[in-house]
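Asks: could you work out the structure for the sequence below:
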Amino acid sequence: MSARLEHVRASDSPEVILAVLEEKGVVVVEGMLDDALVAAINRDLDPYLEDAALTAPELNQMIQLFLGDRTRRIGALPAKSRAFCDVLTHPIFLFVCDAILLRASAGYQMNVGQVIEVGPGAVAQLLHRDEDVWVHVPRPAPMFQVASMTALVDFTEEIGATRIVPGSHLWERDRVAEPHEVAVAEMPAGATAIYLGRTIHGAGANVSASTWRRGIHLSYLVGWLRTEENNYLGVPPEIARDLPDRVQELLGYALHDAIASMGGICGYVELRDPMKMLREPAEPAAAAR
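Replies: Predicted coordinates for the structure are as follows:
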């Protein structure tokens, strides 16, 4: 018998959501996004996904299995969808990140904001821990990443709903999940599976004839680690300056100020605060000399 995931409602207290997440390493929050927001995000992203290429066939087999074959991905979502900014700053995400990531950092940032479409015929993704990107961070260590998958269509096992291993955030790094320990995150559009960076997971196989599984992969990272996605190029200053302040901060334009905890400051530009620089009028590009 397969493992099961615990489902809660977005209207439940954030403390309840956090408690399940910390105990199980994953929690499914139904009603995270309302129908109007899901529709707005899909509308914003449709043109980009129509032009997106499938995972490059020339990549080696291991990378193919990790990224997923028959899969489309697009990133830099704050530059492509203002509706996505409402997801990035969702109160539940920020509550969870405040509770978990501020234990190990003076602030946090968006690590990855991507929409992922898993197409018919796609094989299952390799089960993995997102945190292993930073394999050189030794354990034991505080939790330094919070991740999520938000359904933009109804997620079913047939179309490749994410497979997640509850409790695996407490395992030794090299332990492999047995089949009966793997749960399937079936959930309606607008629901989100929030999981810790140490929790084992991976996209399922899409065995449907014609349905694409579309979802948002969004993760947050402590402010002192380098992000997977280069947000400064994906959402450069000329775009970022028109986004809400909290979005700018989460994209990494804010200083990581750890002076209060006897640390230092990261992220300044010539000893200036990038957030203040974004608020200044844009200067014309300097002529090449």
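Asks: switch to C-alpha atoms for all contacts and neighbour counts from now on
Replies: Will do.
Asks: quick one: contacts for Pro120?
Replies: Shown in contact with Pro120 (CA atoms under 8 Å, 6 or more residues apart in numbering): 70, 159, 206-212.
Asks: after the helix or strand where Phe93 lies, which helix or strand is next?
Replies: Under the criterion of DSSP states H and E, Phe93 resides in helix 91-101. Following helix 91-101 in sequence order, the next helix or strand is strand 108-118 (DSSP H and E).
Asks: show me the contact partners of that following strand.
Replies: 68, 70-77, 88, 97, 101-102, 159-160, 206, 212-223, 227-229, 249-252.
Asks: quickly run through the sheet partners of it, with directions.
Replies: If you go by DSSP bridges, strand 108-118 pairs up with strand 71-74 (antiparallel), strand 213-222 (antiparallel).
Asks: can I get that strand in CSV, CA atoms only?
Replies: Taking C-alpha atoms only, strand 108-118 is exported to CSV below (Å, rounded to 0.1, in the frame of the first residue of the first chain):
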residue,chain,number,x,y,z
TYR,A,108,15.5,34.5,2.2
GLN,A,109,15.1,34.7,-1.5
MET,A,110,13.4,33.0,-4.4
ASN,A,111,15.6,30.1,-5.5
VAL,A,112,13.6,28.9,-8.5
GLY,A,113,10.4,30.1,-10.1
GLN,A,114,9.5,27.9,-13.0
VAL,A,115,6.5,26.5,-14.8
ILE,A,116,6.9,22.9,-15.7
GLU,A,117,4.7,21.0,-18.2
VAL,A,118,5.0,17.2,-18.3
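Asks: for the protein, just list every one of the strands.
Replies: Taking DSSP state E, the strands of the chain run over residues 7-9, 26-30, 71-74, 108-118, 145-151, 163-164, 183-184, 192-196, 201-202, 213-222, 256-257, 265-266.
Asks: same list (those strands) but as CSV, adding mean pLDDT and mean neighbour count.
Replies: Formatted as CSV, the strands of the chain follow (pLDDT from 0 to 100; neighbours: other CA atoms under 10 Å):
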stretch, mean pLDDT, mean neighbour count
strand 7-9, 98, 17
strand 26-30, 98, 26
strand 71-74, 93, 21
strand 108-118, 97, 25
strand 145-151, 98, 25
strand 163-164, 98, 25
strand 183-184, 98, 20
strand 192-196, 98, 26
strand 201-202, 96, 24
strand 213-222, 98, 25
strand 256-257, 85, 20
strand 265-266, 86, 14
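Asks: take these and write them to TSV, including distance to Pro244.
Replies: As requested, the strands of the chain are exported to TSV (distance: least, CA to CA, whole Å):
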stretch	distance to Pro244
strand 7-9	27
strand 26-30	25
strand 71-74	22
strand 108-118	14
strand 145-151	22
strand 163-164	33
strand 183-184	35
strand 192-196	23
strand 201-202	32
strand 213-222	18
strand 256-257	18
strand 265-266	21
